[in-house]
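Q: Show me the folded form of this:
(chains A and B)
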Amino acid sequence: MPVSSITHATAGPPARTEAAIEASELTKTYGSGATAVPALSGVSFSVPAGTVFGLLGPNGAGKSTTTKILTTLSGADSGTATVAGYDVARQGAQVRHAIGYVPQKPCFDPTATGHENLTLQGRIYGIPIREIRRRAGELLAQFGLADAAGRVAKTWSGGMQRKLDVALALIHRPQVLFLDEPTTGLDPEARADMWAEISELTDADGLTVLLTTHYLEEADNLADRLVIVDRGRVVATGTPEELKAELAGDTVHVQLADPADRERALGAFESVEGVHQVTAEESTLNARVGNGAAVLPKALAALDARDVLLASVTVARPSLDDVYLRHAGRSFRTADQIDSMEAAR
Amino acid sequence: MTTAMMHSLYLTGRSLRILRREPAYLAFTLIQPMVWLLLFSQLFESVTEIPGFGDTSYITYLTPGVIVMNAIMTANWAGTSFIDDMNRGVMDRNLTSPLSRGALINGILSYQAVVTVAQSLIIFGIGLLMGARYDGGVAGVLVVLVASTLLAIFFAALSCAMALLVRSQESLIGMSMFLALPLTFLSSVLMAPELVPGWVDTVASFNPVDWAATASREALAGATDWGVVAGQTGFLVALALLMGWLATRAFRAYQRTV
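A: The predicted structure is shown next:
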């Protein structure tokens, strides 16, 4: 994949590299001494140019910290990273010209119109005004914002405002786009709309997209490749299909009528042939099994023999939740809740 | 023009646009200076009767002082726009764009200068209607505008630096008020230096608010001692530059914690 030239860069050609982003052993700790909070403890990954790359993990896993280091907003304690071939620590100015960044929080100006927002952003990148007008018109049309472009942005819907944030990051045709939790806080319809826009971005200009999300289905839907991050470490890497395929067979989810039966239920499952791994959390059991259809009757018989009452049973192909469960040793939903509670403290 | 200067100009334009689009904020910005002048001129009307005040009318004495005081009061809010930008993603997006930290600070400071000049001219106008006389003429008025703008730049830069460090609207306003009122009262803004206790006069000679008030009053009174004006203005230039530089450095502290 050829890397297009950077018109605004001021010094030095980029180092030859195939990957749009290369992160190696990044570490970062906030604070020091007794109050030190480790955020990253050795994160490495490589993003091929022209792809959507997902950084998936629960709240507080280190996704935003990683993004901030790659966008030069923050510095790593150790480790190296290149973006568009430029070293984030030593060639910050070139990196900033080559990237677009959509932070987790909204960043459009609510008192300015769509056109005014895009014009100011274009001027910051030194783009001639004619070219800004053309490019702004193109982006507003692409994101379905053309009709609202003359109104101040605070009157727009949440979904439209978020699309404006993305359009702002694209005004200078960056090589790499960072999207930090792009659909958090959007209603389901606006989220689906945003997914459609994001999946078209890489087709158009050979753009590379790094997407952080704590929505499993978002990563599954959009990412060509992804890493799962947990507590500052990369616990799994691959395409969503590869990651799910690693978990051979099916998953059986059992909801117990009474959480007190958990140990007995666990024993029952472990006694059944064809069950590879069982984990239990509160009243839920998750079992990875070879062939769901063959194992299920035996498992139900074993549970019945031990007088375990069930609320529900489902058999499913493995999801990214199961992938996360296997690598992080806890379910994604639990981790997300626990870690956001810790973050709030 | 250099890129950094262009960037400052764009950001100043952005701030002016926000001011224009928020009618309540605009009204507050324009009316506040009039209120200061009307309020203080009524409240302290009889101080001229105190022996030793001199024979200038109080409104003539007060007008440059209120211009200086207004410059501080407005500039103290400068950092709040940084906090708004931090609470949204604007600050993070700007810091990952080609905008330099210096341009981000300069944008706010230039905006503050424009607002201060506009407000000062309003106060000059109201003062004139109330009977103030500016014997120093155009040169005197220009010195007042320069001195109050320099003071505004110093306080605006201080406010931006504190905004980057404390990152909370409440703390910022609290700290600003804590500074602004004592510095105003420990100066010749409201009261002739001859009439205040000796220690206040001593403290005032180290107080940038007093530098601006002294330079302004000296230039506006006619029979100006330009050495005094140049000296006080020189201090203000040095202080404004120093604080602007420190504010730019404060981004490091912010970026260490994001």
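Q: Report pLDDT for residue 171.
A: You didn't say which chain, so I picked chain A. Looking at residue A:171, its pLDDT is 97.
Q: Chain B is the one I meant
A: For residue B:171, pLDDT reads 94.
Q: Distance from the helix or strand containing it to the middle of the chain?
A: Here residue B:171, judged by DSSP states H and E, is contained in helix B:169-185. Chain-centre distance of helix B:169-185: 13 Å, with CA atoms, centre = their mean, to the nearest Å.
Q: Give me the contact status of it with chain A.
A: No. Taking CB under 8 Å from any CB of the partner chain as the criterion, helix B:169-185 and chain A are apart, separated by no less than 15.7 Å. Heads up, the C-betas are built off the backbone N, CA and C, glycines and all.
Q: Next one: residue B:239 from chain A, what distance?
A: Taking CB to the nearest CB, to the nearest Å as the measure, residue B:239 and chain A are separated by 30 Å.
Q: Can you get me a residue count around residue A:74?
A: Neighbours of residue A:74 under the rule other CB atoms under 10 Å in any protein chain shown: 22.
Q: returning to that earlier point: right, and the helix or strand after the helix holding residue B:171?
A: Once the chain leaves helix B:169-185, the next helix or strand it forms, by DSSP H and E, is helix B:198-204.
Q: who's in contact with that next one?
A: Outside helix B:198-204, the residues that touch it by CB atoms under 8 Å, 6 or more residues apart in numbering or on different chains are B:186, B:187, B:188, B:193, B:196, B:210.
Q: Buried residues, that helix. List them.
A: Using 16 or more other CB atoms under 10 Å in any protein chain shown as the test for burial, helix B:198-204 gives B:200, B:201, B:203, B:204.
Q: mind giving me the domain split of chain A?
A: As given by automatic domain parsing, the domain ranges for chain A are A:19-243, A:248-317.
Q: Can you say which of those is nearest to residue B:45?
A: Among the domains of chain A, the nearest to residue B:45 by CB to CB is domain A:19-243 (41.2 Å).
Q: I figured residue B:169 hits residue B:85, correct?
A: No. The pair residue B:169 and residue B:85 does not pass the contact test of CB atoms under 8 Å, sitting 11.9 Å apart.
Q: which of these two has more neighbours?
A: residue B:85 (20 against 14).
Q: what separates that one from residue B:176, distance-wise?
A: 18 Å (CB to CB, to the nearest Å).
Q: Report the contact partners of the residue in chain B that chain A sits nearest to.
A: Residue nearest to chain A within chain B: residue B:89 (3.2 Å; CB to the nearest CB). Residue B:89 makes contacts with A:102, A:103, A:104, A:105, A:106, A:107, A:165, as judged by CB under 8 Å, 6+ apart.
Q: Could you tell me the model confidence score at the first one?
A: Residue-level confidence at residue A:102 comes out at 97, pLDDT.
Q: Which positions are bridged to it in the beta structure?
A: residue A:179 (DSSP bridges).
Q: picking that back up, least reliable of the domains of chain A going by mean pLDDT?
A: domain A:248-317 (a mean of 87).
Q: Thought residue B:45 was touching residue B:62, still the case?
A: No. Residue B:62 lies out of contact with residue B:45 (CB under 8 Å); the separation is 9.6 Å.
Q: quick one, which of these two is more surrounded?
A: A direct count of neighbours by other CB under 10 Å for residue B:62 and residue B:45 places residue B:62 higher, at 28 against 13.
Q: Would you check how far apart that one and residue B:184 are?
A: Counting by CB to CB - residue B:62 and residue B:184 are separated by 13 Å.
Q: which residues are in contact with both of the two?
A: With CB under 8 Å, 6+ apart as the test, residue B:62 and residue B:184 both reach residue B:190.
Q: Determine the set of other helices and strands touching the helix or strand that residue A:163 is a member of.
A: Taking DSSP H and E as the definition, residue A:163 sits inside helix A:158-170. In terms of contacts (3 or more CB pairs under 8 Å, 6 or more residues apart in numbering or on different chains; DSSP states H and E), helix A:158-170 is packed against strand A:99-102, helix A:114-124, helix A:129-142, strand A:176-180, helix A:188-205.
Q: That one vs helix A:188-205, what angle?
A: Orientation of helix A:158-170 against helix A:188-205 (axes from the mean of the first three to the mean of the last three CA atoms, to 10 degrees) gives an angle of 20 degrees.
Q: Please state the offset of helix A:158-170 from the chain centre?
A: With CA atoms, centre = their mean, you get 18 Å for helix A:158-170.
Q: How about stretch A:228-236?
A: On CA atoms, centre = their mean, the centre of stretch A:228-236 falls 12 Å from the chain's centre.
Q: Between the two ends of that stretch, how far is it?
A: 5 Å (CA to CA, to the nearest Å).
Q: Residue 36: neighbouring residues, count only.
A: By default, I'm working from chain A. 10.
Q: was after chain B, sorry
A: Residue B:36, neighbours per other CB under 10 Å, totals 20.
Q: With adjacent residues omitted, what lies nearest to it?
A: Nearest residue to residue B:36 in three dimensions, chain neighbours excluded: residue B:66, at 4.8 Å (CB to CB, 6 or more residues apart in numbering or on different chains).
Q: Contact partners for the one you found?
A: Residue B:66 makes contacts with B:33, B:36, B:37, B:40, B:123, B:127, B:189, as judged by CB under 8 Å, 6+ apart.
Q: one more time with 10 Å
A: By CB atoms under 10 Å, 6 or more residues apart in numbering or on different chains, residue B:66 lies in contact with B:33-41, B:59, B:73, B:120, B:123-124, B:126-127, B:132, B:148, B:189-190, B:213.
Q: if we can go back for a sec, what helices and strands are in contact with the helix holding residue B:171?
A: Secondary-structure packing of helix B:169-185 (3 or more CB pairs under 10 Å, 6 or more residues apart in numbering or on different chains; DSSP states H and E): helix B:58-75, helix B:78-87, helix B:137-166, helix B:198-204, helix B:208-220.
Q: With mean pLDDT and distance to residue A:298 as added columns, please give these in JSON lines.
A: Formatted as JSON lines, the helices and strands packed on helix B:169-185 follow (pLDDT from 0 to 100; distance: least, CB to CB, whole Å):
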{"stretch": "helix B:58-75", "mean pLDDT": "94", "distance to residue A:298": "77"}
{"stretch": "helix B:78-87", "mean pLDDT": "95", "distance to residue A:298": "57"}
{"stretch": "helix B:137-166", "mean pLDDT": "97", "distance to residue A:298": "63"}
{"stretch": "helix B:198-204", "mean pLDDT": "92", "distance to residue A:298": "89"}
{"stretch": "helix B:208-220", "mean pLDDT": "96", "distance to residue A:298": "84"}
